[in-house]
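Q: Okay, here's the prediction I keep looking at, along with the sequence it came from:
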Amino acid sequence: MSVAQPDVSVIIGAYEAMPYLVECLASVEAQTLDPARVEVIAVDDGSTDGTGEYLEEFAARAPMTVTVIRQENSGGPSGPRNVGLDKATGRYVFFLDADDRLGPEALERMVAMADENGTDVVLGRIEGVNRNAPKSMFGKTLKRTDVYSSNIKFTLSAQKLFRRALLERHGMRFDESLWTGEDALFTMEAYLRADGVSVVADHTCYYLVGRDDGKHVTKSGSYKLRFDSARALMELLARMLPPGAERDVLMVRPFLVTLLPQFGPVFLRNDEETRRTKMELARPLMDAHWNEGVAQRLRVHERLRLYLVARQRPDLLMDVIQFIKDKREPAPVLKKGNTRLYLAYPHFRSKAAGVPDRVYLAEPREAKEYPGWRKSPAESFLRKAVRKVRRRLSRLRTAPRSAAVG
């Protein structure tokens with residue numbers, strides 16, 4: 001008698017995961033999806049704290065099929081996830097970190113969402129436990145969306161439901177050469193290739209747990225690894241998308257989330273050699289991928305700092321960072337009948353610095369926070385027209401394709 005294909009393969013990469021693994025596996029066992037429709041593939045990545053033994057104990061008593069693979073330490077999460085993917089047989093896969101846990105009914109709800117809407121990726125609402133969790137993309141449940149018309153680009157962790165046929169069709173695996181940000185690369189590619197993405201915002205599907213010992217993988221790694229991560233994601237976007245608005249929208253993510261923090265208050269604390277190295281590492285990224293389309297999608301202080309990085313002016317950059325660190329407010333400068341607002345951060349209109357006024361020009365979403373600013377009538381008309389076109393394109397993108405992915 002043939003065995004039915006599982007609905008979902010839960011892939012758990014585990015390294016030195018005790019005692020967090022106990023609650024992690026309990027959350028899998030408590031899922032409401034029929035155990036016959038679930039398989040667990042757990043990869044012990046060379047643990048010495050009893051992780052492997054506990055996985056084998058769980059496999060012996062769990063109601064669902066559990067495969068335990070024990071291997072030498074690979075040095076990061078990509079290897080175990082790839083091993084699990086190679087063994088997976090489910091229609092969907094879900095990557096569960098061994099120190100986190102699933103919410104009640106998570107698998108049942110996410111599988112149902114994907115099946116009902118024919119989508120290839122499902123995001124379940126995340127709640128942080130002793131750590132922050134992403135929130136902006138979970139404002140409301142979305143049956144079908146995409147990476148351009150929602151905030152999903154700001155959660156690129158691997159803890160999502162992926163249709164396995166999508167991953168196999170494109171030969172998608174985690175990049176084992178990256179020591180951080182490997183999940184961002186994988187997830188962004190999945191978003192771009194997906195026939196629709198769903199968001200479950202009305203139910204907590206995943207608990208992101210902050211470890212008391214501070215060993216959570218996202219906290220490890222030197223600053224140089226962050227530049228590697230930013231470069232990999234920027235190159236992926238440049239490879240998969242032609243120049244234009246869609247690429248610029250997504251390019252905001254690596255600039256804002258991965259690169260810019262290296263040029264925040266920590267930059268003031270860095271020694272001279274580290275600051276010089278950061279500027280050198282940033283130079284090729286700025287040369288290749290920084291443009292006006294990206295710049296205009298940022299707030300003034302973000303745009304100004306990255307502009308000065310692109311100009312290789314750490315001297316001016318230090319003044320701006322200190323200004324922000326001191327929580328000083330830039331003077332608003334209104335021009336052209338109050339329809340243009342400039343924020344006078346350091347070096348505004350300084351001939352010696354030579355920073356163009358446009359770098360200090362607040363976009364409408366930022367300008368509206370300041371009394372006295374008003375929209376230009378012509379600009380308002382243009383923006384309404386652009387929004388109308390974008391809504392039409394979004395509807396076309398998120399409409400199900402005629403042939404559903406199996």
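A: Yep, that arrived.
Q: any idea how far L316 is from S350?
A: 9 Å (Cβ to Cβ, to the nearest Å). Placement of C-beta: from N, CA and C, glycine included.
Q: Between those two, which has more neighbouring residues?
A: L316 (20 against 10; other Cβ atoms under 10 Å).
Q: and the closest residue in space to that one that isn't next to it in sequence, how many residues sit next to it?
A: Take L316 and drop its neighbours on the chain: the residue closest to it by Cβ to Cβ, 6 or more residues apart in numbering is L308, 5.2 Å away. By other Cβ under 10 Å, 25 other residues sit near L308.
Q: per-residue pLDDT, L308?
A: Listed pLDDT for L308 reads 98.
Q: now do L178
A: pLDDT, L178: 88.
Q: Tell me which helix or strand it sits in.
A: Per DSSP states H and E: L178 is located in neither a helix nor a strand.
Q: Quick check: the gap between it and P77.
A: Taking Cβ to Cβ, one finds L178 at 10 Å from P77.
Q: Tell me which of those two has more neighbours.
A: Using other Cβ under 10 Å as the criterion, L178 and P77 rank with P77 on top: 26 against 22.
Q: Pretty sure the more buried one sits against G13.
A: Yes: P77 lies in contact with G13 (Cβ atoms under 8 Å); the separation is 5.3 Å.
Q: Now for these two: what residues contact both?
A: Shared contacts of P77 and G13, defined by Cβ atoms under 8 Å, 6 or more residues apart in numbering, are found at D97.
Q: what's the spacing between the closest residue to H170 other than its chain neighbours and L167?
A: Nearest residue to H170, sequence neighbours excluded (Cβ to Cβ, 6+ apart): R193, at 5.7 Å. Using Cβ to Cβ, one obtains 9 Å as the distance from R193 to L167.
Q: Which one's more surrounded, these two?
A: L167 (20 against 15).
Q: wait, that one sits on L85?
A: Yes: contact criterion Cβ under 8 Å: L167 and L85 qualify, at 6.8 Å.
Q: got any residues that touch both of the two?
A: 93, 173.
Q: looking at it, the residue nearest to L316 is touching V320, isn't it?
A: Yes: at 6.7 Å, L308 counts as touching V320 under the criterion of Cβ under 8 Å.
Q: on that earlier part again, how about the contacts made by the residue nearest to H170?
A: So R193 contacts 120, 166, 170, 172 (Cβ under 8 Å, 6+ apart).
Q: neighbouring contacts of stretch 34-44?
A: 4, 6-15, 28, 31, 51-52, 55, 58-59, 62-71, 80-81, 83-84, 87-90, 98, 107.
Q: can you check stretch 296-306 too?
A: So stretch 296-306 is contacted by 248-249, 252, 255-256, 259-260, 263-264, 286, 290, 295, 317, 320-321, 324, 330, 343, 345, 355, 359-363, 366 (Cβ under 8 Å, 6+ apart).
Q: among the residues you listed, which ones are buried?
A: 248-249, 252, 255-256, 259-260, 263, 286, 290, 295, 317, 320-321, 324, 330, 343, 345, 355, 359-362, 366 (16 or more other Cβ atoms under 10 Å).
Q: The spatially most central residue of the chain and V121, how far apart?
A: In the chain, the residue lying closest to the centroid (Cα atoms, centre = their mean) is L156, at 2.5 Å. Distance of L156 to V121, computed by Cβ to Cβ: 11 Å.
Q: what residues do those two have in common as contacts?
A: Common neighbours of L156 and V121 (Cβ under 8 Å, 6+ apart) are T187.
Q: Show me how this structure divides into domains.
A: Following automatic domain parsing, one finds the domains of the chain at 8-219, 223-389.
Q: and the ones you listed, which is most packed in?
A: Most buried of the domains of the chain by mean neighbour count (mean count of other Cβ atoms under 10 Å) is domain 8-219; its value is a mean of 19.
Q: and the longest strand anywhere in the chain, which strands flank it?
A: With secondary structure taken from DSSP state E, the chain has its longest strand at strand 197-209. For strand 197-209, the paired strands and their directions (DSSP bridges) read strand 101-102 (antiparallel), strand 121-129 (parallel), strand 142-145 (antiparallel).
Q: Dump those into TSV; add mean pLDDT as well.
A: Converted to TSV, these look like this (pLDDT from 0 to 100):
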stretch	mean pLDDT
strand 101-102	98
strand 121-129	97
strand 142-145	97
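Q: who wins for proximity to C205 among these?
A: C205 sits nearest to strand 121-129 of all the strands paired with strand 197-209, at 2.4 Å, using Cβ to Cβ.
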